[in-house]
Structures are given as C-alpha cells and as structure tokens.
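K.L.:
show me the folded form of this:
(one chain, ligands or ions: 2)
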Amino acid sequence: MTNTPPPAQASDSQQGEPPETPTVEAAPADTPTVMYDPSAEPGVARIRRTGPFIATKEYRRFTEFADAVRRETFIGLCYGPAGVGKTLSARRYARWDKVEELLLGWGRRQDSDAAVYAALARSRTVFYTPTTTCTPRQLDHDLDQLLSRIDICVAQHRQAQTALPRSIHAQTPPTVVDLLIVDEAERLTQPSLDHLRDRFDRRAMGLVLIGMPGIDRSLSRHPQLYSRIGFAHQYRPLADDELAFVLTRHWSKLGLTLDLTDFTDAQAVAAVGRITRGNFRLVHRLFTQVARVMKINNLAVITSDVIETARSTLVIGDT
Ligand SMILES: Nc1ncnc2c1ncn2[C@@H]1O[C@H](COP(=O)(O)OP(=O)(O)OP(=O)(O)O)[C@@H](O)[C@H]1O
Ligand SMILES: [Mg+2]
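P.N.:
Ligands and ions are numbered 1, 2, ... in the order given. Next up is the predicted model:
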C-alpha cells in the first residue's frame, strides 16, 4: 500500500472502570445531529453532536468524580484539552439532552414529560454554560430559574409516584438539586465567581467547574474559592484501545470493517492515533475528510496514505 501514490486531496479544506471496554449508549442517529438549540436562551451553548454517545473510561472516571463532589458537597475542578469530551460527558451525566428542552422551553405540559421529570429526579443536577458576557445578575437569574423549574418537575414526579395529595408535596422544601456543573468556567469573571461561591456556601450542593488545562492556576488567584476545591480531575484523551473502538464505528460508517489484525488497517489506525492523539473532536474532523478523500478517489480501503491526505486538509493545533 505504501507504493501507491497518495490519494488526491479534497478540494477545499475544512476548518475547522468497569467495564474496561467502552460502550455505545443510545444511538439517536449516526448522521450528524444538532441537539436542541436553545440559542435564544441565556446561559446555554449550542452543542453539536456527531453520533451516538460512547461511554468511555474517561466518562466513567468523570461520573465517579462528579458523584464524589456531590457526596462531599465540595467544589471539583475538571480540566482537559479542547475536544476530548468534557462537555459531552457532563451533559450525559446530568441527562441534560433529555431535560434541557423542557426546562428551557417551559411550555405546555404533555404526558411524555413524565419521563423528563423522572430523569430530573434521578440526576438532581444542573448543567450550566455561562455566556461570554455573563454577569452575576444573569447567573443568578439563570440558576434560580433552572433550580426552581427542576424543583417543580421533581415534585410532580414524586407526586405521581406516591399519589399523595398535592398539598403535602407543596410543603417539601425545594432542595432537590445537589450538584451544579458549570462548563466553560473560564468565562466567569471575579464577581461571578464570588457569586457562585456565595451560592455554594448557602446551599448544600456540590459544584463542578469545567475548563481547559490551566484553569486551576487562574482560579488560584481567587483564594476563597480555591480553598473550597476538594477535587481536581484531569480529563484525558482516548486511550489506544478506546480509540480503536471509536474507529471501528468510523470504519463502519464508511461501509467498511476494521480488522486490527490486518496490516493496512493497523497502519491506518496508528496514523489516526499519531495525528489525533486520541482527541475525540479531531478524530471526527479527520474522518469527515477521510470520507471525502475516499469518495473523490473512489477508494474502498482506508490506508495510512488516505489518513495522511485527509490530515493535510485540516488545521490541527496542539492536541
Ligand atoms: N463520549 C463521547 N461519545 C461520542 N462522541 C464524543 C464523546 N465525547 C466527545 N465526543 C465528540 O467530540 C466532540 C467534542 O466533545 P466536547 O465538546 O465534549 O469536548 P470538550 O472537551 O468539551 O471541548 P472544549 O474544551 O473545546 O469545550 C463532540 O462534539 C463529539 O463529536
Ligand atoms: Mg466543552
């Protein structure tokens, strides 16, 4: 395969623990999807999903970390390079894909909403993404709104479960949410961080701050918040065995079967590992180009040359 000339490039470039094996959880559709777009809503970022969620080891480590933060009512810091899957894992943990639309839309109720109430009762978690211009006032408004809406939903769920009169549930103190996850935490200014710390002190609740590597250093400039951080969790890229698992799916999307005992396939996988270093987002971007290279050149096998050609069309920074 190495003697064959490299395939032609696509014309325009695109800018860009148990169990041990990863599993694919829920498969909405293998085609790229855009989840609920609440762009009109403050405090929420539009998220692009590129296929089914894969429950990796890192995801499981994240869930253990978040469980511990919740249990100990500490502040936890989760950091890792861009594109490794921090946001997706946090949203998954909070079941946010399931509940976001109802919480933000807050429209007329339907029978199917019972499943959302149940998901909220199980997760008891808020996932929040501040805007780049987030003020303490906006933070306050958004969080109050989310917390009170979740309380209402969970009260409805409990009422349906026990069939107690509504008045009894109305007396239940609304302290349902016991974990707040703030994504893109670098966006928070000093006043917003102070505000968050104050909220954290007033309510028995864990707080997870998600950011890029180095967020720990920038937060150390806020000693009062910093001294409350009980756990730091480094979110790592895909390990080799998991990358192979993810690549199996990319191969099959292209109508091919990945065989790691085949020399050509093994070389191609090694090339993907070298280029992406297990970065989820980069793997996806690379395979968008691989598909184009394959199509343009009418190829039926993914070789390391195909991977290198696809890579040459991408802008890749440090991963
Ligand atoms: N567990 C997963 N299963 C399937 N795809 C995933 C998973 N995690 C990440 N991805 C893919 O990687 C992309 C990037 O993930 P995500 O946005 O969660 O990264 P991030 O670490 O939050 O990056 P950033 O620091 O830039 O916000 C997703 O859009 C998705 O295509
Ligand atoms: Mg993110």
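K.L.:
write out the residues of the chain neighbouring ligand 1.
P.N.:
Residues of the chain lying near ligand 1 by Cβ under 6 Å from any ligand atom: 48, 50, 53-54, 56, 59, 80, 82-88, 212, 280-281, 284. C-beta here means a position set from N, CA and C on the backbone, and glycine is covered the same way.
K.L.:
inside helices: which ones of those residues?
P.N.:
Mapping these onto helices (DSSP state H) picks out 59, 86-88, 280-281, 284.
K.L.:
rewinding a little: using ChimeraX, define a selection of the buried residues within the residues of the chain next to ligand 1.
P.N.:
One line in ChimeraX is enough to select the buried ones among the residues of the chain next to ligand 1; burial here means 16 or more other Cβ atoms under 10 Å:
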select :50,53,54,56,59,80,83,84,85,86,87,88,280,281,284
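K.L.:
just to revisit the earlier point, just curious, which of the ones in helices among the residues of the chain next to ligand 1 is nearest to Asp142?
P.N.:
Nearest to Asp142 among those: Thr87, at 17.2 Å, using Cβ to Cβ.
K.L.:
so the closest one touches Ile181, yeah?
P.N.:
No. Thr87 lies out of contact with Ile181 (Cβ atoms under 8 Å); the separation is 9.7 Å.
K.L.:
got any residues that touch both of those two?
P.N.:
Common contact partners of Thr87 and Ile181 (Cβ atoms under 8 Å, 6 or more residues apart in numbering): Ile210.
K.L.:
let me see the confidence value for the residue of the chain found nearest ligand 1.
P.N.:
Closest contact between the chain and ligand 1, by Cβ to the nearest ligand atom, is at Gly85 (2.8 Å). With respect to pLDDT, Gly85 scores 96.
K.L.:
next: Ala160.
P.N.:
Ala160 is given a pLDDT of 84.
K.L.:
so it: helix, strand or coil?
P.N.:
helix (DSSP: H, G, I helix; E, B strand; the rest coil).
K.L.:
contacts only, for it.
P.N.:
Ala160 sits next to 114, 117 when contact means Cβ under 8 Å, 6+ apart.
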